[in-house]
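Trainee: Sequence and predicted structure are below.
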Amino acid sequence: MIDRYTQSRALLKRAEKSLAGGVSSNVRRGDKPVPMYFDSGTGSRLFDVDGNEYIDYVLGRGPLILGHTNAEVIEATCRQLWMGQVYAAQHEGEIKLAEAIVRLVPSAERVRFGISGSEAVHGALRLARAFTGRELIVKFAGQYHGWLDNILYSLSPPPGAGEEGVAESRGQFPARESHIAVLPWNDTEAVGSYLSKHGHQIAAIITEPVMCNTAVIEPKPGYLQFLREITSRYGILLIFDEVITGFRLSIAGAQGHYGIRPDLSIFGKAVANGLPMSVMAGREDLFALIASGQVGHGGTYNSLPPAIAAGVATLGILERNDGEVYQKLQETGTALMEGIRDRAAKMGVPVIVQGHASIFFVGFPLPGKERVPIVDYKTSLGTDNDLYAHFVSAMADNGVRIIPRGNWFLSAAHTLADVEETLAAVEESLAQVVVPYYSAVGSAR
């Protein structure tokens, strides 16, 4: 059998002699079938160093809402690059982007820019503690809010882990020393019970409004409204981590889609279509602490001119023609989700497809286990990660790149023709690895 990834394997072996693990982010080490090296991307397509072409549903793990090398974004970025890379000073572009975000996102009365979602979360937690005078932060099991020490807890905790939180890396303090408590998501009773005991100690509850980092789980009806009401009752700040959902679910993010107004929000990824950018946004009275210097917030690369230019161009496209981009995402994403379900059903393969048209989850249930709806981290453990990894590898062999954890990202560059080509690859990959597996072990249904 011909190895389609000879050059990628060779480059990885070379990289291991200078880069720790051969990669620049631990997540990439788990890419299937091998951590691949790419030459270029355009629109919905990626091209690797071995000459293989892929329809790309990874999209940089979310940022490329307009697809690779969007001409308007590239032109705006290049114009700014010729004018200067970094000023360590103010420029009009940052005002334009801030004004656009304040206009588009109802909860964003003031903003500050950064580079990564992790640092923006860090800033929001600091601001929440300063404003409330409290220390405790509540997060939810299975949710990821960046890789920094003070919040990297219980992304993938062992069954039975409780409120104390589980560190995800050696070198972290215990969660109690970081003043972090962890609760199950989508569970109003658990939140209500915990806040009845500790509500006046809590500075903030931070949550993904859609649990994108675990199975793209939507909030139960009324759940986000409940969080909004109960946090207000106890004087707790509600922080939405919209690094993934921001400007992807709608022009106003998940908070616009669900009609909820958090106190603070974190945006990233899609805001600049691939340029490094994060946004901390929220109430004016909170940001007054930063404006006055009482709460520290800085960074050499904050409001980096090329990234700001990309952000202005990206939001301009997303807003154009009454949100035409979102209408297209809805059409192509819905066709792809329904197509995957239909192909799997015709082949007798149990499959889970859930989420939104612009970001959804695909998984296969563990055989012999009772099928239950995936509503939180605990119920997400009923999917077969090993089987899905084999499916990801087969999809790559068939010219489609997807993320091993099950998320599929859509861009405005994807077409219905891409969808049909993708569904052909889905059918072939199911036949190659999934049908034989379930035939051998028995159906999970």
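Mentor: Yep, that arrived. These numbers were taken from a predicted model, which means no experiment stands behind them.

Trainee: and the end-to-end length of stretch 387-407?
Mentor: 15 Å (C-alpha to C-alpha, to the nearest Å).

Trainee: cool, and stretch 181-190?
Mentor: 12 Å.

Trainee: Can you give the contact residues for that stretch?
Mentor: Contacting residues not belonging to stretch 181-190 are listed as 136-143, 153-154, 157, 161-166, 175, 191, 194, 198, 202, 207, 211, 217, 219-220, 222-223, 226, 375-378 [C-beta atoms under 8 Å, 6 or more residues apart in numbering]. In this view, the C-beta of every residue, glycine as well, is placed from N, C-alpha and C.

Trainee: as a whole number, average confidence for stretch 37-45?
Mentor: When pLDDT is averaged along stretch 37-45, the result is 97.

Trainee: er, stretch 160-170 actually
Mentor: Stretch 160-170 comes out at a mean pLDDT of 87.

Trainee: Run the chain-centre distance for it.
Mentor: 21 Å (C-alpha atoms, centre = their mean, to the nearest Å).

Trainee: Check stretch 70-84 too.
Mentor: 25 Å.

Trainee: Could you tell me which of the contacts of stretch 181-190 count as buried?
Mentor: When neighbours are counted using 16 or more other C-beta atoms under 10 Å, the contacts of stretch 181-190 contain these buried positions: 136-143, 153-154, 157, 161, 163, 165-166, 175, 191, 194, 202, 207, 211, 217, 219, 223, 375-378.

Trainee: Which of those residues fall within strands?
Mentor: The members of these that map onto strands under DSSP state E are Leu136, Ile137, Val138, Lys139, Phe140, Ile202, Thr207.

Trainee: tell me which of those residues is nearest to Pro365?
Mentor: Phe140 (22.8 Å; C-beta to C-beta).

Trainee: So what's the residue count around the residue nearest to that closest one when sequence neighbours are not counted?
Mentor: Nearest non-adjacent residue to Phe140, counting by C-beta to C-beta, 6 or more residues apart in numbering: Trp185, 4.0 Å away. Trp185: 25 surrounding residues under other C-beta atoms under 10 Å.

Trainee: For Trp185, give me the pLDDT.
Mentor: At Trp185, the pLDDT recorded in the model is 97.

Trainee: Helix, strand, or coil at it?
Mentor: Assigned by DSSP: H, G, I helix; E, B strand; the rest coil, the conformation of Trp185 is coil.

Trainee: Report the separation between it and Thr379.
Mentor: Distance of Trp185 to Thr379, computed by C-beta to C-beta, to the nearest Å: 10 Å.

Trainee: Find the nearest non-adjacent residue to the residue nearest the centre of the chain, please.
Mentor: Central residue of the chain (C-alpha atoms, centre = their mean): Ile244, 3.4 Å from the mean position. When the adjacent residues along the chain are set aside, Ile244 lies closest to Cys212, with 4.3 Å between them (C-beta to C-beta, 6+ apart).

Trainee: what about the longest helix in this structure?
Mentor: For the chain, the helix reaching the highest residue count under DSSP state H is reported as helix 305-346.

Trainee: what's the next secondary structure element after it?
Mentor: As assigned by DSSP states H and E, the chain's next helix or strand after helix 305-346 is strand 352-356.

Trainee: what about that following strand, average pLDDT?
Mentor: The model assigns strand 352-356 a mean pLDDT of 98.

Trainee: just how off-centre is it within its chain?
Mentor: 15 Å.

Trainee: Please work out which residues outside it touch it.
Mentor: Against strand 352-356 from outside (C-beta under 8 Å, 6+ apart): 210, 212, 215-218, 249, 333, 337, 340-341, 360-365, 374, 383.

Trainee: Let's see that with 6 Å instead.
Mentor: Counting contacts by C-beta atoms under 6 Å, 6 or more residues apart in numbering, the residues outside strand 352-356 that touch it are Val216, Leu249, Met337, Ile340, Arg341, Phe361, Val362, Gly363.

Trainee: Any of the residues you listed buried? List them.
Mentor: Buried, going by 16+ other C-beta under 10 Å: Val216, Leu249, Met337, Ile340, Phe361, Val362, Gly363, out of the contacts of strand 352-356.

Trainee: among those residues, which are in helices?
Mentor: Met337, Ile340.

Trainee: Nearest to Thr231 among the buried ones among the contacts of strand 352-356?
Mentor: For these, the nearest to Thr231 is Leu249 (21.2 Å; C-beta to C-beta).

Trainee: Please read off the pLDDT at the closest one from the model.
Mentor: So, for Leu249, pLDDT stands at 97.

Trainee: next one: the one 5 residues further on
Mentor: According to the model's per-residue confidence, Ala254 sits at a pLDDT of 98.

Trainee: for Val441, same thing?
Mentor: 84.

Trainee: quick one: what helix or strand has the nearest residue to it once chain neighbours are set aside in it?
Mentor: In this structure, Val441 finds its nearest non-sequential neighbour in Pro367, 4.5 Å apart by C-beta to C-beta, 6+ apart. Using DSSP H and E, Pro367 is not contained in any helix or strand.

Trainee: what do you get for Ala181?
Mentor: In this assignment (DSSP H and E), Ala181 forms part of strand 180-183.

Trainee: partners of that strand, with directions?
Mentor: Paired neighbours of strand 180-183 in the sheet (DSSP bridges): strand 136-140 (parallel).

Trainee: just the CA coordinates of the partner strand, formatted as CSV?
Mentor: Provided in CSV are the C-alpha atoms of strand 136-140 (Å, rounded to 0.1, in the frame of the first residue of the first chain):
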residue,chain,number,x,y,z
LEU,A,136,-13.9,31.8,43.6
ILE,A,137,-14.5,31.0,39.9
VAL,A,138,-17.0,28.3,38.8
LYS,A,139,-16.4,26.5,35.6
PHE,A,140,-18.0,23.4,34.1
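
Trainee: Thank you kindly, that will do.
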